[in-house]
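S.K.: Show me the folded form of this:
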Amino acid sequence: MLSDLFTIQDVIFAAFLAIFLTWFLGMATRVIKLIVIKPTELGYSSKDVEEAIQKCCYLFPITSIIFNGTTVSRGMNVRVTTRRKTIEGQFVGTNRENLICFITPQFVVAHELEDIQEMEII
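M.R.: Have a look, this model is predicted:
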């Protein structure tokens, strides 16, 4: 009885049409999300960044450090030179295991104090 209403060509055409419409709607949804939703500077919401900073402050409770005669306190902008590269960011703190933490615009960095060659306030 259904073979009287629809031919094989009608079924194949309906299947291709369904696949095309699904693809088209998926692409339209992606384009709308890219246009309407504006990403933050870091790609994360400010709430996520604040939570990460709070966790860093908890893990690195010592708020100041004296490095080669220079006192660096939480919130100061520093330039840290390691054996491999130079990183600029905001000092968060240190802990008893000789790790320091600072935040760059892209990353939260924890580094061993003994690997740091130079730290200067900028």
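
S.K.: Please identify the pairing partners of whichever strand or helix holds C101 and their relative orientation?
M.R.: Taking DSSP states H and E as the definition, C101 sits inside strand 99-103. Next to strand 99-103 in the sheet, as set by DSSP bridges, lie strand 86-94 (antiparallel), strand 108-112 (antiparallel).

S.K.: Using PDB, write out the CA atom coordinates for the shortest one.
M.R.: I take that to be strand 108-112. The C-alpha atoms that make up strand 108-112 are tabulated as PDB, following Å, rounded to 0.1, in the frame of the first residue of the first chain:
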ATOM      1  CA  VAL A 108      48.500  30.500  35.500                       C
ATOM      2  CA  VAL A 109      52.200  29.600  36.000                       C
ATOM      3  CA  ALA A 110      53.700  27.700  38.900                       C
ATOM      4  CA  HIS A 111      57.400  27.400  38.800                       C
ATOM      5  CA  GLU A 112      60.200  26.100  41.000                       C
END
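
S.K.: Give me the contacts around that strand.
M.R.: Residues external to strand 108-112 that are found in contact with it (CB atoms under 8 Å, 6 or more residues apart in numbering): 52, 56, 60, 80, 82, 87, 89, 92, 98-103. C-beta: built from backbone N, CA, C; applies to glycine.
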